[in-house]
Structures are given as structure tokens and as C-alpha cells.
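Participant: dropping the sequence and predicted coords here.
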Amino acid sequence: MALLAIRALGPTEYGLYMVLLGIVDLCHPLSSLGLLPTAQQFLPEMALHARATQLRRFVRWLTLLRVAALLAFAGTAYAYWDTIASWLGFDAAVYEGAALACLLIVTLLGAMFTETLLESLLEQRFVHASRALYGLGRLAGLLLLMAFEAVSVVHMLWIDVGLSVLRWAGAEIVLVRQLRRLHPDGSREFHRSEVVRFGWHLSGAQVMNAAASPGALRAIVAGGLGVDLAGHFAFAQQLLKQATQSMPTTWLANVVRPMLIARHRSGDSEVVALSGGLLWKINLGFALAIVGMTSVGGDPLMVLLSGDRIPDGGALLTLVMLAGVALTQNQVSTAMMHVYRYSSLARAAALAALLVPVLVVLGARTSLDAAAAGLALGTAMMALASLVLLQRQTHRVVLDRNGLVRLAFALAFAVAAGVLAARWGLGAAIAAFLAAYALALRAVRPLNAQEFEVLQRIAGRPLGLLAWLVRPPAKPAHR
């Protein structure tokens, strides 16, 4: 979608469209008020052990509070639209999409919240299908607009609103059906004070994390460097978003988290700690591969992806992808805090997120690359702060430092191979990087035997095809 949209709209219109979507993104954590992490934390266990009436009441109140918050934020954005538009650098008086952007706050974020509830109930298949269909629908709508030569920001927003309404309605129907199928055993009483306390702590964390959200940073760049460069920044963010869809934090977190919560509640803390460290390492391995490809691809890769709209964006893309590495690693640390119910710790760790917009603002005074460098540095400091705070607690994650060093050697070798092959073109550079990375992983074997055993337990079946990544246990020294 991003690859086609920037070609169809052009830099200025694309920048305007993405800044408007950025406002919607910004409202996602701001309007959560701790409801999203509360659902992710308590709903899986309540589905098994709460009373049926308590489970339905919990979902009902979560939904009502979420919709009320979204309506309040959308109304406030519309009421102060002139001020917002003036700061972002476009004329609100002649812009027709204000109401559509505010409506999208309600419809799209409402759909995403209902899908979060479904994920907490392990209804993964529908959620993945819904997200895929939404993306395909947006793409089909854009192609239709291009066919009729009617591409505009307003028309694209109409498509987004219509599709998000359908997405929300479908998710609500499936949620009601899922709740009717559930028959929890009622063996545990969930106290209101416990739920409210957890949500209260996480509401503060989410407000602070909102300062480092993609939408907030996009708005900062638009205000400091203009809508055109905000479009360049947004395009790199969209590429990062697509890349992170393949990350374990995306496709494993909502499956593994309920399992880890159950394990922790049963007292099996060793397996939980090993699983957290394994997820941290696997995610890092994927993320480093993406950063390596963008670093060896450089400007030619950005030119290819943007259709010549962004000629000198290699450094921008690499810096944004580096920020993505830190961001996804931070998500693992934060998820483990939720598993261990360190809600106050998550709020304290979120203070580091306030550094990100400060560094981006300072960078935006100079150039777009400097703003991206501020983003990378800020997110790295945020991720480090979260990990350090987690590792100082009684329950933590087990990090295989030997394996992490081996991963670093594999990346360095692959980047060197890609740089050397770059003289033969972009395709040769990326192919050489991927081949060298695979060979290096085979040589360094970043997984240890304990991690591999945990990985097979999570998968529920033998994973012999991955045995080449596992190093043999160290032999005891002979005296």
C-alpha cells in the first residue's frame, strides 16, 4: 500500500495523508487509558477461571469505556482542528478531511481494540484474516481510484473509514459468538481492585509511550521540517511497520503471552524466564537481518521502493530500521513486565519514552536524517532502560550473552559481504548479505540447548529443521 500510495499521491499529498493517519495513531495509546494491557493481562485467565457473568461484564465495561474514550478524543480533535492543522503546517479552512480523520479515530481504533480482545481469547485466525482483508481492501480502493483518476486524500480517507466500519462490525460479531461459546469454570474470583490497579499503572505508561508513538513523531517532523519531509519520514515508518509484521513480537506475542502468564501463575518461573530470553534473542536475529539489508541497500533501495520519490533516503531508512530494532526489543521487555505483573515498573520504564520526542525535536532543527538519528538513539535508550529495570527484579529474563555475541559476529560478517557485493548492484548486495547471514548463523549457532528445548515446547512438536542453529553444550573441564 505504501509503495503505491506515494507514487499515486506525490510527496506533498502523501505527507498530508500520512500526517492525518499519524493523528489516528497518536490517539491509539492516548485513548487506551490502560484498557488494552488490562484486557491482554486478565482476559485469557478469566476465559478459563472466572464466572461467566463476570467475564461478560468485564468485556462489556472494557468496550463501553474504550468507545467513550475514543469519542471524547475524536470530538476534542475536531473541536481544536484549526490549531492542530496550523501547527502541522496545512490550511484547515480549506481541508475537507478533518471530520473523516476524526471519524477514523473511532472506527479504526474501535476495530483494533475488539481484535485485541479476540487475540486475548486466542481467536488468532479471524484477527489475521481481518487485518489482511483490510489491507487488501485499501489497496483495491486505491487501484480503483487510480483507474478513474480520482486519487485524493479525501477519497482515500473515505475508503479507510468504510473499511474500518466493516472491520469493526465483523470483529464485534465474532467476539459475541466467542463469548457465548466460553464456559469458564468459575474457580477464581477476580477482584475489581486488582484489575483497576493494574489498569491505572499501565494508563500512565501508555500516555508516556504515546509521546514516542509513530504518529507523534510524524507530527513533530511535519511541524519542524514541513509536510513534504514528513511524507519521507512516514514512508520509512511504513516500511518499518511492514518489516515488523514478520517479527516474533508480532506473530508470537499474543500466542505465547497467555501461556507464559499461566506458567508464571503455576510457579514455573524458570521456563517463563527462559522463554522471555529466547523471544528477545529470536526477535533480535530477525531485526538485525532487516537492518543489515537496508544498510547494504542504501540509497538505491530507497529509490526503488519509493519509485524515485525519495532519491537520498538510504540513511533515513537505515536509522528508522535501527529504531525499529530497539522498539521491538523494548516490546519484549514490556510484555515480560506484564507477564510478571510489574505494572508499576512498566510505568517507570515508560518515562524513558519521553526522551524520544525530545531527541527527534532537536534533530528536526537540523535535517531529516538528524531527526531519524534522534529517533534511533532515543528508542535505544528506552529499550535499554526497560531491560535494565526488568533484570534488576526477582523475576527476569534469561539472556544468553554468548549467543548474543555470536549474533553480532554473524551480522558483521554478512554486512561486510553485502558491502563488497554492492559494486555489482542492489540485487547482488542483498543476495550476498542474506547468503552470508545464513552461513554465519550456521557457523556461530546462536541458540543453546535449553532454548531449543523451550522453543520445541512452545511449538508443540519437534523442530529438527532448526537444529543447525543449536550449539552443543559445553564439555566440562577435565582436571
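Facilitator: Received it, and whenever you're ready, just let me know what you need.

Participant: which residues of the stretch 201-350 of the chain score low on pLDDT?
Facilitator: The model of the stretch 201-350 of the chain has pLDDT under 70 over residues 201, 246, 248-255.

Participant: in the longest helix along the chain, which residues are buried?
Facilitator: Looking across the chain with DSSP state H, the single longest helix is helix 269-306. Within helix 269-306, the residues that qualify as buried are 271-299, 301-303, 305-306, counting by 16 or more other C-beta atoms under 10 Å. (Glycine included, C-beta is placed from N, CA and C.)

Participant: what do you get for stretch 170-184?
Facilitator: 170, 171, 172, 174, 175, 178, 179, 184.

Participant: could I get those residues as JSON lines with distance to residue 104, pLDDT and secondary structure?
Facilitator: Shown next, in JSON lines, are the buried residues of stretch 170-184 (distance: C-beta to C-beta, whole Å; pLDDT from 0 to 100; DSSP: H, G, I helix; E, B strand; the rest coil):
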{"residue": "170", "distance to residue 104": "17", "pLDDT": "92", "secondary structure": "helix"}
{"residue": "171", "distance to residue 104": "16", "pLDDT": "91", "secondary structure": "helix"}
{"residue": "172", "distance to residue 104": "17", "pLDDT": "90", "secondary structure": "helix"}
{"residue": "174", "distance to residue 104": "22", "pLDDT": "90", "secondary structure": "helix"}
{"residue": "175", "distance to residue 104": "21", "pLDDT": "89", "secondary structure": "helix"}
{"residue": "178", "distance to residue 104": "26", "pLDDT": "87", "secondary structure": "helix"}
{"residue": "179", "distance to residue 104": "27", "pLDDT": "84", "secondary structure": "helix"}
{"residue": "184", "distance to residue 104": "35", "pLDDT": "79", "secondary structure": "coil"}
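
Participant: next, format the residues you listed as TSV and append distance to residue 447.
Facilitator: Compiled in TSV, those are given as follows (distance: C-beta to C-beta, whole Å):
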residue	distance to residue 447
170	39
171	37
172	41
174	37
175	38
178	36
179	39
184	37
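
Participant: what's the longest helix of the chain packed up against?
Facilitator: In terms of contacts (3 or more C-beta pairs under 8 Å, 6 or more residues apart in numbering; DSSP states H and E), helix 269-306 is packed against helix 2-30, helix 227-244, helix 248-251, helix 253-265, helix 314-339, helix 401-421, helix 426-444, helix 449-459.

Participant: ok, back up a step: for the buried residues of stretch 170-184, work out which two are farthest apart.
Facilitator: 170 and 184 (24.6 Å; C-beta to C-beta).

Participant: what about the helices in the stretch 101-250 of the chain?
Facilitator: 124-147, 153-181, 192-210, 214-225, 227-244, 248-251 (DSSP state H, counting those that start in this stretch).

Participant: now for these, which one comes closest to residue 333?
Facilitator: helix 248-251 (10.4 Å).

Participant: residue 362 is in contact with residue 373, isn't it?
Facilitator: No. With contacts counted by C-beta atoms under 8 Å, residue 362 stays clear of residue 373, the gap being 9.9 Å.

Participant: these two: which is more packed in?
Facilitator: Comparing residue 362 with residue 373 by other C-beta atoms under 10 Å, the one with more neighbours is residue 373, at 22 against 15.

Participant: assign that one to helix, strand or coil.
Facilitator: What DSSP: H, G, I helix; E, B strand; the rest coil gives for residue 373 is helix.

Participant: what does the pLDDT read for it?
Facilitator: The confidence metric pLDDT takes the value 94 at residue 373.

Participant: what's the answer for residue 383, then?
Facilitator: 90.

Participant: make sure it is indeed in a helix.
Facilitator: Yes. With three-state DSSP as the criterion, residue 383 is part of a helix.

Participant: any idea how far it is from residue 345?
Facilitator: 15 Å (C-beta to C-beta, to the nearest Å).

Participant: residue 207 touches residue 31, doesn't it?
Facilitator: No. When contacts are counted by C-beta under 8 Å, residue 207 is not listed as touching residue 31 (9.9 Å).

Participant: more neighbours: which of the two?
Facilitator: residue 31 (25 against 18).

Participant: how about the contacts made by the more buried one?
Facilitator: Taking C-beta atoms under 8 Å, 6 or more residues apart in numbering as the criterion, residue 31 is in contact with 66, 69, 70, 72, 73, 105, 109.

Participant: and if we set it to 7 Å?
Facilitator: 69, 70, 73, 109 (C-beta atoms under 7 Å, 6 or more residues apart in numbering).

Participant: between those, identify the one with the most neighbours.
Facilitator: residue 109 (24 neighbours).

Participant: and that residue, what's its pLDDT?
Facilitator: At residue 109, pLDDT is 91.

Participant: do residue 474 as well
Facilitator: Model confidence at residue 474 (pLDDT) stands at 64.

Participant: repeat that for residue 377.
Facilitator: 93.

Participant: can you list the domains in this structure?
Facilitator: Split into domains by automatic domain parsing, the chain comes to 1-184+191-202, 211-400+447-462.

Participant: I'd like those as a markdown table, with distance to residue 436 appended.
Facilitator: A markdown table is the format used below for the domains of the chain (distance: least, C-beta to C-beta, whole Å):
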| stretch | distance to residue 436 |
| --- | --- |
| domain 1-184+191-202 | 27 |
| domain 211-400+447-462 | 9 |
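
Participant: and the ones you listed, which is most packed in?
Facilitator: Neighbour counts (mean count of other C-beta atoms under 10 Å) averaged over each of the domains of the chain peak at domain 211-400+447-462, with a mean of 20.

Participant: ends of that one, how far apart?
Facilitator: End-to-end distance for domain 211-400+447-462: 43 Å, by C-alpha to C-alpha, to the nearest Å.

Participant: measure residue 441 to residue 456 for me?
Facilitator: 18 Å.

Participant: quick check, residue 160 in contact with residue 104.
Facilitator: Yes. Counting by C-beta atoms under 7 Å, residue 160 touches residue 104, with 5.7 Å between them.

Participant: residue 52 versus residue 60, what's the distance?
Facilitator: 13 Å.
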